[in-house]
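Peer 1: Can you look at this prediction? I've put the sequence above it.
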Amino acid sequence: MRMGDIMRGFVLGALTAVALAAGGALAMQISHGYSDQSTLHPERIIIGLDLSKSNPLVDNPAFAARVGQRISGIVSRLGMASEVHVRTFGSYDPASNGFAYDTVISVRARPERVAAEIQRLIANTPRLVASGRWSSQQKTNILAFLDNYIRAIGCSGMPTTIILASDGIEDSEYARLNHGDDLPRPDQRLYRGCVRLAIFGIGQGTGSPIATSRLRQQWDRWARSAGFARFEALNDW
């Protein structure tokens, strides 16, 4: 056998071994669910559940299930070291909104598992309210919720998305949107680093496309003024 044939055989064998090793490693990654999340950049998601009486999330199981499915789909695509924070809001009263769920995506807290937990939590909101474990509330302090938790958790360090499961009807000392008020201008310094604001359920319960359109315009203007790169407000989907 000539030397060239020997070298070609050696190289082919080496490449085959490398390919088999790489294939085995990839198969192991896929079997453990590492193939996608390990290459994604960490993100932070803050989820606010609106427990005000005007929001169908508190008493409409079908709607709550749809919201839970929508949000879980976002959480399931998070990369390793991403943060997930869930809070409730309504009245400006810490005693009424003591619930907190905080986790970091990891090997032990896989994104699909966290997504499933959050989906169940949101879908069960009407049951939690009906049982008295959570209380439906008379006011809707969306702006105060954002102010408090942005100060506590912040948007720095990693891209941050804020998701509100809410009808978007601010009803507080800041504004009463159902009475024709406008949202006040936000403090841009507070929201520096926040990249996306999403409201799922905007205008739900109003029965009015005109009211829903006005709510969407109000929050779109507010989000752009605050510095969010992206705003999404869905009435239904």
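Peer 2: On my side now, so go ahead. This structure is a prediction, so every number in the text was calculated from the model and none was measured.

Peer 1: switch to C-alpha atoms for all contacts and neighbour counts from now on
Peer 2: Fine.

Peer 1: show me the contacts for residue 213.
Peer 2: By Cα atoms under 8 Å, 6 or more residues apart in numbering, the residues touching residue 213 are residue 203.

Peer 1: With residue 178 instead?
Peer 2: Neighbouring residues of residue 178 by Cα under 8 Å, 6+ apart: 169, 170, 171.

Peer 1: what do you get if the cut-off is 7 Å, keeping everything else the same?
Peer 2: Residue 178 makes contact with residue 169 under the criterion Cα atoms under 7 Å, 6 or more residues apart in numbering.

Peer 1: Likewise for residue 52?
Peer 2: Contact analysis of residue 52 by Cα under 7 Å, 6+ apart lists 90, 136, 137, 138, 139, 140.

Peer 1: Thought residue 135 was touching the first one, still the case?
Peer 2: The one in question is residue 90. No. Residue 90 is beyond contact range of residue 135, at 9.5 Å (criterion: Cα atoms under 7 Å).

Peer 1: And residue 163, which helix or strand is it part of?
Peer 2: Here residue 163, judged by DSSP states H and E, is contained in strand 160-165.

Peer 1: That strand packs against which elements?
Peer 2: Judged by 3 or more Cα pairs under 7 Å, 6 or more residues apart in numbering; DSSP states H and E, strand 160-165 is in contact with strand 44-50, strand 194-200.

Peer 1: Next, the angle strand 44-50 makes with that strand.
Peer 2: Per axes from the mean of the first three to the mean of the last three Cα atoms, to 10 degrees, the angle that strand 160-165 makes with strand 44-50 is 20 degrees.

Peer 1: Residues contacting strand 160-165, please?
Peer 2: For strand 160-165, contacts defined as Cα under 7 Å, 6+ apart pick out 43-50, 67, 193-201.

Peer 1: show me where pLDDT drops low in the protein?
Peer 2: For the chain, the stretches flagged by pLDDT under 70 are 1-38.

Peer 1: Any idea how many residues pack against residue 132?
Peer 2: Residue 132: 10 surrounding residues under other Cα atoms under 10 Å.

Peer 1: Am I right that it falls within a helix?
Peer 2: No. Going by DSSP: H, G, I helix; E, B strand; the rest coil, the assignment for residue 132 is coil, not a helix.

Peer 1: quick one, phi psi at it?
Peer 2: Here is the backbone geometry of residue 132 (degrees, to the nearest 10): phi 90, psi 0.

Peer 1: If we go by neighbour counts, what in the helix or strand residue 225 falls within is buried?
Peer 2: Using DSSP H and E, the element containing residue 225 is helix 209-226. Across helix 209-226, burial judged by 16 or more other Cα atoms under 10 Å covers 211, 212, 214, 215, 216, 218, 219, 220, 222, 223, 226.

Peer 1: ok now do the residue nearest to the first one when sequence neighbours are not counted, which residues does it touch?
Peer 2: For residue 211, ignoring the flanking residues on the chain, the nearest one in space by Cα to Cα, 6 or more residues apart in numbering is residue 203 at 6.7 Å. Listed by Cα under 7 Å, 6+ apart, the contact partners of residue 203 are 167, 168, 211, 212, 215, 235.

Peer 1: who has more neighbours, residue 90 and residue 135?
Peer 2: Neighbour count, other Cα under 10 Å: between residue 90 and residue 135, residue 90 has more, with 29 against 18.

Peer 1: Need the nearest residue in space to that one, chain neighbours excluded.
Peer 2: residue 140 is the one closest to residue 90 (Cα to Cα, 6+ apart), at 4.4 Å.

Peer 1: Quick check: bridge partners of the one you found?
Peer 2: Beta-bridge pairing for residue 140 (DSSP bridges): residue 171.

Peer 1: And it, how far from residue 237?
Peer 2: As for residue 140, its distance to residue 237 is 23 Å (criterion: Cα to Cα, to the nearest Å).
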